[in-house]
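A.B. asks: The following block contains a protein sequence and its predicted model.
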Amino acid sequence: AQSVTQLDSHVSVSEGTPVLLRCNYSSSYSPSLFWYVQHPNKGLQLLLKYTSAATLVKGINGFEAEFKKSETSFHLTKPSAHMSDAAEYFCVVSDSLNTGNQFYFGTGTSLTVIP
Amino acid sequence: DTGVSQDPRHKITKRGQNVTFRCDPISEHNRLYWYRQTLGQGPEFLTYFQNEAQLEKSRLLSDRFSAERPKGSFSTLEIQRTEQGDSAMYLCASSSQLRNTEAFFGQGTRLTVV
């Protein structure tokens, strides 16, 4: 079975400081992993995805994530937070894009950026 | 490519009424998903179509809920005899098996049952 655990429900950082949003996954297969962002009253937007290629994945808006199989983790990072990064972030796992199975969402991490 | 569109964006209904939502996926995407999101929670899977076939349904999808994708293009989600607990954001997503893509989400339909 597949599942995702987002270790922090809320993260608060000062503008210009690094961001770390933590995610651990459980998967019976070689997983595909994603980070989505949801701004208030907006749709879910893909930040980045891992699909068994390079383990360090670069996404939009300066975000990165590293797939660590030994730790079953896929933490999201950004070197310097911007006010516009304040949003809800979801870590998502899927068995494999080939099988088309459902996407399993974590419960989300709310990021606050302090000016 | 205009993305995934959902209609209506908002729906307020009285308890016991039936409601139907529509989702138009990205045109070349053959996979379509329905999710439900309540306040402060991540989206929960409801059901999934590959072309016109409904391949998977969550246990969350009670017999009051039904989804169709008759021609493998747009999809509808109907909730019969709505209850206050059905109040949520209903999200539709689509993806392409051929291009091996992630899920692209629509803006959602916010349902309020009063």
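C.D. replies: Here it is on my side, so go on. Numbers count the residues shown, from 1 in each chain, chains lettered A, B, ... in the order given.

A.B. asks: Tell me which residue is most central in chain A.
C.D. replies: With distances taken as C-alpha atoms, centre = their mean, residue A:35 lies nearest the centre of chain A, 3.2 Å away.

A.B. asks: List the contacts of residue B:7.
C.D. replies: By C-beta atoms under 8 Å, 6 or more residues apart in numbering or on different chains, residue B:7 lies in contact with B:21, B:22, B:24, B:109. Glycine gets a C-beta too; all of them are placed from N, C-alpha and C.

A.B. asks: who's it bridged to?
C.D. replies: Here residue B:7 sits in beta bridges with residue B:22, as judged by DSSP bridges.

A.B. asks: Show me what the host helix or strand of residue B:90 packs onto, helices and strands only.
C.D. replies: Residue B:90 belongs to strand B:88-95 when assigned by DSSP states H and E. Counting contacts by 3 or more C-beta pairs under 8 Å, 6 or more residues apart in numbering or on different chains; DSSP states H and E, strand B:88-95 packs against strand B:5-7, strand B:19-24, strand B:31-37, strand B:75-79, strand B:104-105, strand B:109-113.

A.B. asks: most tightly surrounded among the ones you listed?
C.D. replies: Comparing those by mean neighbour count (mean count of other C-beta atoms under 10 Å in any protein chain shown), strand B:31-37 comes out on top with a mean of 24.

A.B. asks: Contact partners for the residue lying closest to residue A:86 once chain neighbours are set aside?
C.D. replies: Take residue A:86 and drop its neighbours on the chain: the residue closest to it by C-beta to C-beta, 6 or more residues apart in numbering or on different chains is residue A:113, 4.7 Å away. Residues near residue A:113 by C-beta under 8 Å, 6+ apart: A:12, A:13, A:14, A:15, A:81, A:82, A:83, A:85, A:86.

A.B. asks: Most neighbours out of those residues, which is it?
C.D. replies: residue A:81 (22 neighbours; other C-beta atoms under 10 Å in any protein chain shown).

A.B. asks: That one and chain B: what is the separation?
C.D. replies: Residue A:81 is 22 Å from chain B, where distance means C-beta to the nearest C-beta, to the nearest Å.

A.B. asks: Pull up the gap between that residue and residue B:7, please.
C.D. replies: Distance, residue A:81 to residue B:7, by C-beta to C-beta, to the nearest Å: 36 Å.

A.B. asks: and stretch B:70-88, which residues are buried?
C.D. replies: Neighbour-count burial for stretch B:70-88, counted by 16 or more other C-beta atoms under 10 Å in any protein chain shown, picks out B:74, B:75, B:77, B:79, B:82, B:86, B:87, B:88.

A.B. asks: starting at the chain centroid, how far to it?
C.D. replies: Centroid displacement of stretch B:70-88 relative to its chain, using C-alpha atoms, centre = their mean, to the nearest Å, is 7 Å.

A.B. asks: sorry, back to before: for the buried residues of stretch B:70-88, which one is nearest chain A?
C.D. replies: Closest to chain A out of the buried residues of stretch B:70-88 is residue B:88 (13.8 Å), distances taken as C-beta to the nearest C-beta.

A.B. asks: give the contact list for residue 77.
C.D. replies: No chain in the question, so chain A it is. Neighbouring residues of residue A:77 by C-beta under 8 Å, 6+ apart: A:18, A:19, A:20, A:21, A:63, A:64, A:65, A:66.

A.B. asks: could you do chain B instead?
C.D. replies: Taking C-beta under 8 Å, 6+ apart as the criterion, residue B:77 is in contact with B:20, B:21, B:23, B:34, B:46, B:65, B:66, B:67, B:90, B:92.
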